[in-house]
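Asks: show me how the following folds:
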Amino acid sequence: RSRSRIESILREQRVELVRISAPFSTLDFAIPRLCQALGVPIVVTFHVPFARAASRWSMLASVVYRMYARTLADCDRVIVLGAEQRNLLVGLGVPQSRITVLPNGVDLDTYSPGPSAAREAFGAERIFCFVGRIDPEKRVEHLVRAFLAASPPPTTRLLIVGDGVDLPRLRRRYVDPRVVFTGAILDERSRTDILRASDR
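Replies: This next block holds a predicted model:
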């Protein structure tokens, strides 16, 4: 029923352009076909992460990319976050001329050094941080190892902010007061405070 409702809207409203963000919906495949049939241009933002190293996630991501490639090849424009993602899709048959690389934007006023209570909260003179998914393709463990290998002083902290499949294992493996696994921090102001206090 969703497809027929969307078709009615496209026809009745005389829509000039459709933009969808994929994945994951069964309509990700139906809407591009519908737009093609109606002659309505469609732009798809495709933001499926991928991993270079072999892992369960990289296998899953590979399947998802292959599954979407044919549909994306028929879209008028595909927006991706980086050149590697573009190259991967081109290798799967999506015409390069239809792909636009548009990296995630950053609000430089918000995410810049400034006043913050984070150093005091974490008892640190210096803070280094990672904010994101703690999954194998992010290679957070490499960061933790490199940080500890540098033998930072006791008042330096590495904050690992986020959640993911690797978090429990890394918490067990790296028990060191200089490495703090905060878990997910949903409050934007708290995350901003950490980033503003960070040296790197």
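Asks: in the helix or strand hosting residue 190, what counts as buried?
Replies: Residue 190 is part of helix 188-197, with elements assigned from DSSP states H and E. Applying a neighbour-count criterion of 16 or more other CB atoms under 10 Å, one finds 191-197 buried in helix 188-197. All C-beta atoms are positioned from the backbone trio N, CA, C, and that covers glycine.
Asks: export the helix or strand bottoming out on mean pLDDT in the chain to PDB, keeping only CA atoms.
Replies: Ranking every helix and strand in the chain by mean pLDDT, DSSP states H and E puts helix 56-73 at the bottom, with a mean of 82. Extracted in PDB, the C-alpha atoms of helix 56-73 (Å, rounded to 0.1, in the frame of the first residue of the first chain):
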ATOM      1  CA  ARG A  56      31.600 -10.400   9.700                       C
ATOM      2  CA  TRP A  57      30.600  -6.800   9.200                       C
ATOM      3  CA  SER A  58      32.700  -6.500   6.000                       C
ATOM      4  CA  MET A  59      30.900  -9.500   4.600                       C
ATOM      5  CA  LEU A  60      27.500  -8.100   5.500                       C
ATOM      6  CA  ALA A  61      28.400  -4.700   4.000                       C
ATOM      7  CA  SER A  62      29.700  -6.400   0.800                       C
ATOM      8  CA  VAL A  63      26.300  -8.100   0.400                       C
ATOM      9  CA  VAL A  64      24.400  -4.900   1.000                       C
ATOM     10  CA  TYR A  65      26.500  -3.000  -1.500                       C
ATOM     11  CA  ARG A  66      26.000  -5.700  -4.200                       C
ATOM     12  CA  MET A  67      22.300  -5.700  -3.400                       C
ATOM     13  CA  TYR A  68      21.900  -1.900  -3.900                       C
ATOM     14  CA  ALA A  69      24.300  -1.500  -6.800                       C
ATOM     15  CA  ARG A  70      21.800  -2.300  -9.600                       C
ATOM     16  CA  THR A  71      19.200   0.100  -8.200                       C
ATOM     17  CA  LEU A  72      21.700   2.900  -7.600                       C
ATOM     18  CA  ALA A  73      23.000   2.500 -11.200                       C
END
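Asks: which secondary structure elements does the next helix or strand after it contact?
Replies: Going down the chain from helix 56-73, the next helix or strand is strand 77-80, by DSSP H and E. Here strand 77-80 touches strand 42-46, helix 83-91, strand 99-101, going by 3 or more CB pairs under 8 Å, 6 or more residues apart in numbering; DSSP states H and E.
Asks: nice, that's everything, thank you.
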